[in-house]
Structures are given as structure tokens and as C-alpha cells.
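**Student:** okay, structure incoming, though there's no sequence with it:
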């Protein structure tokens, strides 16, 4: 599960088995209609979820997050 920031500052949330390949697809314009239209600026967030059903549920959950809540998720700093 991943979140991209688009060129116009909108966020795109998706799931994939291979993040590197998927990012290349988005960059080349083959990833999705949304990112083809809005472009991509950067990868903001990646969350590994081993089960496809759980990944789809998490994707749906994050798509419903407000912009502020998504940005808080990106900015979590873990101190050991």
C-alpha cells in the first residue's frame, strides 16, 4: 500500500506487489488515469501488508483520511 503526492499536491493511494515497478509505471503514464492526469512529485508513504484483502481494506481506509490526517501519517517520527 502506498501514497504518492502528485504535481498539483493531490494524493494518490494504491496497492502493489512491487513498489519500484509500480512507481515506474506511474512515471511513464501507465500507472493510472489519475496519476497520468496529475503527474507525480514524490512517494510519501509505503506500508507493507502481506494479505491482498487487508491491503485493499487499508487502502480504502487511507483514501477516506483527510489531507491533514494523511500528512500526519507521513510525518510520524519514530525515535529509538
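**Tutor:** That came through, no problem. Please read these numbers as outputs of a predicted model, since none were measured by experiment.
**Student:** show residues contacting the longest helix along the chain.
**Tutor:** Secondary structure of the chain per DSSP state H: the longest helix is helix 52-63. Identification of contacts with helix 52-63 by CB atoms under 8 Å, 6 or more residues apart in numbering yields 1, 3, 13-15, 47, 49, 70, 73. Glycine gets a C-beta too; all of them are placed from N, C-alpha and C.
**Student:** give me the buried subset of the residues you listed.
**Tutor:** 1, 3, 13-15, 70 (16 or more other CB atoms under 10 Å).
**Student:** nearest to residue 24 among these?
**Tutor:** Taking CB to CB as the measure, residue 24 sits nearest to residue 14 out of these, at 13.4 Å.
**Student:** so what's the closest residue in space to the closest one that isn't next to it in sequence bridging to?
**Tutor:** Counting by CB to CB, 6 or more residues apart in numbering, residue 2 is the residue found nearest to residue 14 once chain neighbours are left out, at 5.9 Å. Residue 2 forms beta bridges with residue 14, residue 46, as assigned by DSSP bridges.
**Student:** surely residue 2 meets residue 11?
**Tutor:** No. Using CB atoms under 8 Å as the test, residue 2 is too far from residue 11 to be in contact (10.5 Å).
**Student:** quick one: the strands in the chain?
**Tutor:** Along the chain, the segments classed as strands by DSSP state E run 2-5, 11-14, 42-46.
**Student:** dump the residue contacts of the spatially most central residue of the chain.
**Tutor:** By CA atoms, centre = their mean, the chain has its centre lying nearest to residue 3, at 1.4 Å. With contacts defined as CB under 8 Å, 6+ apart, residue 3 is in contact with 11-13, 43-45, 62, 70, 74.
**Student:** looking at these, which is nearest residue 20?
**Tutor:** residue 43 (10.1 Å).
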